[in-house]
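Trainee: Predicted model and sequence below, questions to follow.
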Amino acid sequence: MAISCLKRAVLNAAVAVAFILAGTAAQNALAQTGLGDAPSPSWRILKRDSQGRPVILDKGTGQELEVEKTETPDADAPTEDEIRKIDPSTLMRGQLLLVNPARNIRTQLEKIGFKILEEIRLHTMGAEVWRVSIPPSMSEKGALRRLKKDYPDLLVDTNETFDLSAGQVGPDFSRSFVGWGPVSASCGSGMRIGMIDGAVNKATAALYRQRVTYEGFNAKDRKPAGETHGTAVASMLVGKPVDSAKNIGGLLPGASLYAAGIFEIRGGKEVGNLGNMLKAADWLLKSRVSVINMSIAGGGNGVMTFVLNKLLEKGVVVVAAAGNNGPRAKPAWPAAHPKVIAVTAIDNQLKIYEQANQGNYVDFAAPGVNLVTTVPSGLKLQSGTSFAAPFIAAMVAIHLDAGFPSDPDQLRASLRRYTKDLGRSGKDDAFGWGLVRLKPSCR
């Protein structure tokens, strides 16, 4: 025990020294990039159009900024081409999800070898989803084809898996780069923020006695995933104000956070799945959150589209990590949904995180390389698009609190006013519109 404590003390001392050096490095990097002070808007909506929507003015020209419109995709069962492209390694094997199935098909399903594992009642969404096992003689692709043939109007798809969008480690610079600055303990008071992630340890120093409600949605026969990732993201959002000895300070410490854990241990790995996410999303809707941070990444399908569309219909904004599978990887979901605000990560030289996904679905960049995060064991240096997403989620939260509508297209247009263009001029596949820099009005 004494040796363990000594090792921990030495490690903490080394990390503390690294943070001091990192502070100097961050200031030098900030000066080199030419980033000035971030704007601190009053968040008073000066003008609205005939439909009551805010008129968003370009802060440089004063002209009305065009709002780029995106289409909400339909939630459909996969096409034959999409079925052929399914990668079994990204699935909960041997399972499918059926949305709002007719009750009278239960007997028919059981006769051909399907078994209902779970009936997920999404009360707030007004929906029901069956998680079923497929017959031993069928593959996931074969089972999908069979159900599409027998029930052409049924929304059925695979139970996709997720990973936590985190990577490696190094020194923090994030608060300086986004211009957020120190805030009071009450900053964010009255805001209700949700997150879908791994488990959260509310007893961690940064979260102790903060307004955090946690609910786990892992399978009852599975051990929940570790608390490192979820606790780090939760602490970034609503951790206590900065204290160099214990934490680096939450962005909105006065806000209420509703954290849903969907990850569990499977095969020695931390894995989340779409079935768990459905239950988590319904719980967050019931909790009346205005924005949900999803620092998770996986594949998209009709059921994923269905749940995201339901959140949007209820006026909830979703901010998600762009993913960490590299620039040539296929789009990561939920970030790739057209109405989800997708966030990538940059380092202290304004360069893209080398493991970040790229694509036209990326909206904005935020610090996410070599950040200091607060975890149950203390402070930890981490990288990943996971840790960039909370910055944009916090900025969305202060927009909504000021009365902005929850339309993602209008929110994107407003955030663009505070964005430093990176990479190619205008929006690009690596940085999106660029780095958003903004100060909250609370102090």
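Mentor: Received, thanks. Residues are numbered from 1 along each chain as shown.

Trainee: Make sure residue 208 is actually in contact with residue 201.
Mentor: No - assessed by C-beta atoms under 8 Å, residue 208 is found out of contact with residue 201, at 9.6 Å. (Each C-beta comes from the backbone N, C-alpha and C, glycine too.)

Trainee: which of the two has more neighbours?
Mentor: residue 201 (20 against 13; other C-beta atoms under 10 Å).

Trainee: show me the contacts for the closest residue to residue 272 other than its chain neighbours.
Mentor: Nearest non-adjacent residue to residue 272, counting by C-beta to C-beta, 6 or more residues apart in numbering: residue 162, 3.8 Å away. Taking C-beta atoms under 8 Å, 6 or more residues apart in numbering as the contact definition, residue 162 lies against 262-263, 271-274, 277, 296-298.

Trainee: Whichever strand or helix holds residue 162 pairs with which strands, parallel or anti?
Mentor: If you go by DSSP states H and E, residue 162 is part of strand 155-164. Strand pairing for strand 155-164, determined by DSSP bridges: strand 91-99 (antiparallel), strand 269-273 (antiparallel), strand 296-298 (antiparallel).

Trainee: what mean pLDDT does it have?
Mentor: The average pLDDT within strand 155-164 is 90.

Trainee: Show the subsequent helix or strand relative to that strand.
Mentor: Moving toward the C-terminus from strand 155-164, the next helix or strand (DSSP H and E) is helix 174-178.

Trainee: Would you confirm that residue 409 contacts residue 70?
Mentor: Yes - between residue 409 and residue 70 there is a contact at 5.8 Å, judged by C-beta under 8 Å.

Trainee: so what's in contact with the two at the same time?
Mentor: In contact with both residue 409 and residue 70: residue 339, using C-beta under 8 Å, 6+ apart.

Trainee: Tell me the pLDDT of the residue nearest to residue 306 when sequence neighbours are not counted.
Mentor: Nearest non-adjacent residue to residue 306, counting by C-beta to C-beta, 6+ apart: residue 75, 3.7 Å away. On pLDDT, residue 75 comes in at 94.

Trainee: for residue 320, same thing?
Mentor: 98.

Trainee: What is the one helix or strand it maps to packed up against?
Mentor: Per DSSP H and E: residue 320 is located in strand 317-321. When contacts are defined as 3 or more C-beta pairs under 8 Å, 6 or more residues apart in numbering; DSSP states H and E, strand 317-321 packs onto strand 291-294, strand 296-298, helix 302-313, strand 341-346, helix 389-401, helix 408-416.

Trainee: what mean pLDDT does the shortest one have?
Mentor: The reference is to strand 296-298. Averaged across strand 296-298, pLDDT comes to 92.

Trainee: which outside residues touch that strand?
Mentor: Against strand 296-298 from outside (C-beta under 8 Å, 6+ apart): 90, 160-165, 196-197, 262, 272, 274, 304, 320-325, 332-335, 357, 385-386.

Trainee: go with 10 Å
Mentor: Residues outside strand 296-298 that contact it (C-beta atoms under 10 Å, 6 or more residues apart in numbering) are 90-91, 160-165, 195-198, 229, 233, 262-263, 271-274, 277, 304, 320-325, 329, 331-336, 357, 384-386, 389.

Trainee: Buried members of those residues into PyMOL, please.
Mentor: Here is the PyMOL command that selects only those of the contacts of strand 296-298 that count as buried (16 or more other C-beta atoms under 10 Å):
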select buried, resi 91+160+161+162+163+164+165+195+196+197+198+229+233+262+263+271+272+273+274+277+304+320+321+322+323+324+325+329+331+332+333+334+335+336+357+384+385+386+389
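
Trainee: where does the stretch 301-443 of the chain have low pLDDT?
Mentor: Scanning the stretch 301-443 of the chain with the threshold set as pLDDT under 70 gives 443.
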